[in-house]
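Novice: Need coordinates for the following:
(2 chains)
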Amino acid sequence: MSRAARIRALGLIAFVVLWEAVAQLGLVSPILLAPPSEVVAALMTDGGVFLEGLALTVAEIGLAVALAWSLGIGFGLLAGSSGRSAEIIGPLLASLFAVPVIILYPLFIAWVGMGPGSKVLFGVISGFFPIALNTLSGLRQVDPDYATMSRAMGANGVQVFLKVYLLMALPAIISGLRIGTALVVIGVVVTEMLASLGGVGFLISYHRTLFDTGHVYLGITLALLVVLAVNWGLSRLERRFGGWRELQQAAG
Amino acid sequence: MSAGFIEVKGVSKTFTGHLAPVEALDRVSFSVAEGQFVSLVGPSGCGKSTLLQILAGLMESSHGEAHIAGECVSGPMPEKVGMVFQEALLLPWKTAAVNIGFPLELRGVPKPARRERAHALLSLVGMCDVADRYPHELSVGMRQRIAIARGLVHDPSVVLMDEPFAVLDEQTRVRMGQELLAIWQETRKTILFITHSLSEAIYLSDTVLVMGPRPGRILDVLETGLPRPRTPEMIGSEVFGRLRNRIWQLIGEAQP
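Specialist: Numbers count the residues shown, from 1 in each chain, chains lettered A, B, ... in the order given. So this is what the prediction gives:
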């Protein structure tokens, strides 16, 4: 473990200890703050239900991420492959991205029901716009001189697209995936909390109405774990494929 | 030496502009013998780069035609014509050696063969020690050497260079000129070199083609007649000065 990681781990332990102490000393009402011990107790009594909820949430996020990525990248590449279509579609995507998708959620429930379908739909639509937008603008930002160079070196149209434009745009596409994926995760959990039949968000909402603070904190902890896992995956992706841009910027 | 290795016959180019058509080149004709080092000078915007793009097969002429090594140019011919641009245009995610092999990669040449060829060229441009470095780790001059090596990777008979040293500082520029001459002497390519520096054109070339302002046309063809190998002291010589004045005069007279 690196020094920084050790300090982070120690900080986390100190935080949990402090949290427990504050609750045990009765400094804060137990309805507002459940100590870690109560979170563990909640896990013991209702662990099965929560794991089922977690599995559903993870499945919804997985499906929504897969769809948002493929639709977003696919559409972005298509729209960004010509200057004319990018000019027409770019501003349209940007203004649609600004629409708070949540106002459409009642419609989604009417269309596909209270179940996982409406969560996936909401997640896909939240994630689609930043991914498509970044893919499109990533392609348009490529210096056309690179295309000229490649053609002079004998590249055909497909090679220019795959070996130059796509790879040049990759860092922008990946930062789109970062934003888009975060929005998918937020979208799925939030819509579960608003109106749903299951999932971590549903459990948080449900137990809050019963004042089961320990259960609420357990739900929050699980949601945080999901976010951490997703973030870890995205960082790895960024390091694997987007590294050269950072290095280049560092070199000026 | 056969005459007319590069043959340009009555090439004109008109761009369809937003308001009115822009005439970039007006019946440009010249020929370059095999193995010659020829520079093309002229005021900025005179269509030098347009002419080079037409020769490289990247752009079609409106009238006239260009022949390279007996073949009419109708598209890029990477095996015959190497190209070096003002910017190095190296792909940032590829190392120096892999960048040099890029044109071979486009042709489906297997990796070991590409690597071998890249190393041969790295030693030609004196950059063996940076084979596995990435472009952002190299200086501007080093990147341009890699770009020159990439332009030579197919062992083309003609190399077209579009102001390759324009972004370099003066000292690097003179040194790169020296190195380019050494490479030229060793490989015997036919080089067509665009520059806006008159001294650079005279110093490097056998022949200087002088172009006038838009629409670009050839004003005169000057044989430098300077002995080889060239040395930096020649830049101060009387012959050099006379050539320089002559080009200035030509361009000055042509100004509208």
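Novice: what residue ranges in the chain score low on pLDDT?
Specialist: Picking chain A for this. For chain A, the stretches flagged by pLDDT under 70 are A:242-252.
Novice: that's the wrong chain, I meant chain B
Specialist: Chain B contains residues with pLDDT under 70 at B:1-3, B:256.
Novice: For chain A, what's the nearest residue on it?
Specialist: Chain A sits closest to residue B:78 of chain B, with a gap of 3.5 Å, by CB to the nearest CB. The way it works is simple: take the backbone N, C-alpha and C, and place the C-beta from them, glycine included.
Novice: From residue B:97, how far out is the nearest residue to that residue once chain neighbours are set aside?
Specialist: Closest residue to residue B:78 apart from its sequence neighbours, by CB to CB, 6 or more residues apart in numbering or on different chains: residue A:154 at 3.5 Å. Using CB to CB, to the nearest Å, one gets 19 Å for the distance from residue A:154 to residue B:97.
Novice: higher neighbour count, the two?
Specialist: residue B:97 (23 against 20; other CB atoms under 10 Å in any protein chain shown).
Novice: Look up how far residue A:240 lies from the more buried one.
Specialist: Taking CB to CB, one finds residue B:97 at 21 Å from residue A:240.
Novice: which non-adjacent residue is nearest residue A:238?
Specialist: residue A:174 (5.4 Å).
Novice: Which secondary structure element is home to the one you found?
Specialist: For residue A:174, the host element (DSSP states H and E) is helix A:166-194.
Novice: packing partners for that helix?
Specialist: Helices and strands in packing contact with helix A:166-194 are listed as helix A:36-80, helix A:116-140, helix A:200-209, helix A:213-241; criterion 3 or more CB pairs under 8 Å, 6 or more residues apart in numbering or on different chains; DSSP states H and E.
Novice: run the last query once more with 10 Å
Specialist: Using 3 or more CB pairs under 10 Å, 6 or more residues apart in numbering or on different chains; DSSP states H and E as the contact test, the elements touching helix A:166-194 are helix A:36-80, helix A:105-112, helix A:116-140, helix A:144-152, helix A:200-209, helix A:213-241, helix A:243-250.
Novice: Can you give me the buried ones in it?
Specialist: Buried residues in helix A:166-194, counted by 16 or more other CB atoms under 10 Å in any protein chain shown: A:166-185, A:187-194.
Novice: List phi and psi for the closest residue to chain B within the stretch 101-250 of chain A.
Specialist: Closest contact between the stretch 101-250 of chain A and chain B, by CB to the nearest CB, is at residue A:154 (3.5 Å). As for residue A:154, its main-chain torsions (degrees, to the nearest 10) stand at phi 100, psi 10.
Novice: Can you give me every residue that contacts it?
Specialist: Shown in contact with residue A:154 (CB atoms under 10 Å, 6 or more residues apart in numbering or on different chains): B:75-79, B:81, B:102-107, B:154.
Novice: repeat that with 6 Å
Specialist: Listed by CB atoms under 6 Å, 6 or more residues apart in numbering or on different chains, the contact set of residue A:154 reads B:76, B:78, B:103, B:106.
Novice: which of the residues you listed tops the neighbour count?
Specialist: Top of those by neighbour count (other CB under 10 Å): residue B:103, with 27 neighbours.
Novice: and the stretch 1-150 of chain B, which residues reach chain A?
Specialist: Counting by CB under 6 Å from any CB of the partner chain, the residues of the stretch 1-150 of chain B close to chain A are B:56, B:58, B:76, B:78, B:83, B:89, B:92, B:93, B:103, B:106, B:136.
Novice: Tell me how many other residues crowd the first one.
Specialist: Close neighbours of residue B:56, defined as other CB under 10 Å, add up to 25.
Novice: thinking it is in contact with residue A:152, fair?
Specialist: Yes - using CB atoms under 6 Å, residue B:56 is in contact with residue A:152, at 5.2 Å.
Novice: got any residues that touch both of the two?
Specialist: What both residue B:56 and residue A:152 touch, as defined by CB under 6 Å, 6+ apart, is the set residue B:83.
Novice: Now for the residue nearest in space to the middle of chain B, which secondary structure element holds it?
Specialist: By CA atoms, centre = their mean, chain B has its centre lying nearest to residue B:161, at 1.7 Å. Assigned by DSSP H and E, residue B:161 falls within strand B:158-162.
Novice: now for that strand, which elements pack on it?
Specialist: helix B:48-55, strand B:81-84, strand B:190-194 (3 or more CB pairs under 6 Å, 6 or more residues apart in numbering or on different chains; DSSP states H and E).
Novice: Skipping adjacent residues, who's closest to residue A:198 in space?
Specialist: Nearest one to residue A:198, counting by CB to CB, 6+ apart, is residue A:56 at 5.0 Å.
Novice: Likewise for residue B:15?
Specialist: Per CB to CB, 6+ apart, closest to residue B:15 is residue B:22, 4.5 Å.
Novice: What separation do you get for the one you found and residue B:122?
Specialist: Going from residue B:22 to residue B:122 by CB to CB gives 41 Å.
Novice: Okay, residue B:30 and residue B:216: tell me how far apart.
Specialist: 12 Å.
Novice: higher neighbour count, the two?
Specialist: Between residue B:30 and residue B:216, residue B:216 has the larger neighbour count (other CB under 10 Å), namely 27 against 19.
Novice: For that one, give me its contacts.
Specialist: By CB under 6 Å, 6+ apart, the residues touching residue B:216 are B:25, B:46, B:47.
Novice: and those, which are buried?
Specialist: B:25, B:46, B:47.
Novice: Check what contacts the strand or helix carrying the first one and list those residues.
Specialist: When secondary structure is defined by DSSP H and E, residue B:25 falls within strand B:22-32. By CB under 6 Å, 6+ apart, the residues outside strand B:22-32 that reach it are B:4-15, B:38, B:47, B:50, B:209, B:215-218.
Novice: swap the cut-off to 8 Å and go again
Specialist: B:3-15, B:38, B:47, B:50-51, B:54, B:61, B:63-64, B:190, B:192, B:207, B:209, B:211, B:214-218, B:221 (CB atoms under 8 Å, 6 or more residues apart in numbering or on different chains).
Novice: One more: stretch A:197-215?
Specialist: A:30-34, A:38-39, A:41-42, A:46, A:49-50, A:52-54, A:56-57, A:60, A:114-116, A:119, A:188-194, A:196, A:216, A:219-220, A:222-223, A:226.
Novice: Now do residue A:51 against residue B:105, distance only.
Specialist: 49 Å.
Novice: These two: which has the busier surroundings?
Specialist: Legend: neighbour count by other CB under 10 Å for residue A:51 and residue B:105, higher for residue B:105 (20 against 12).
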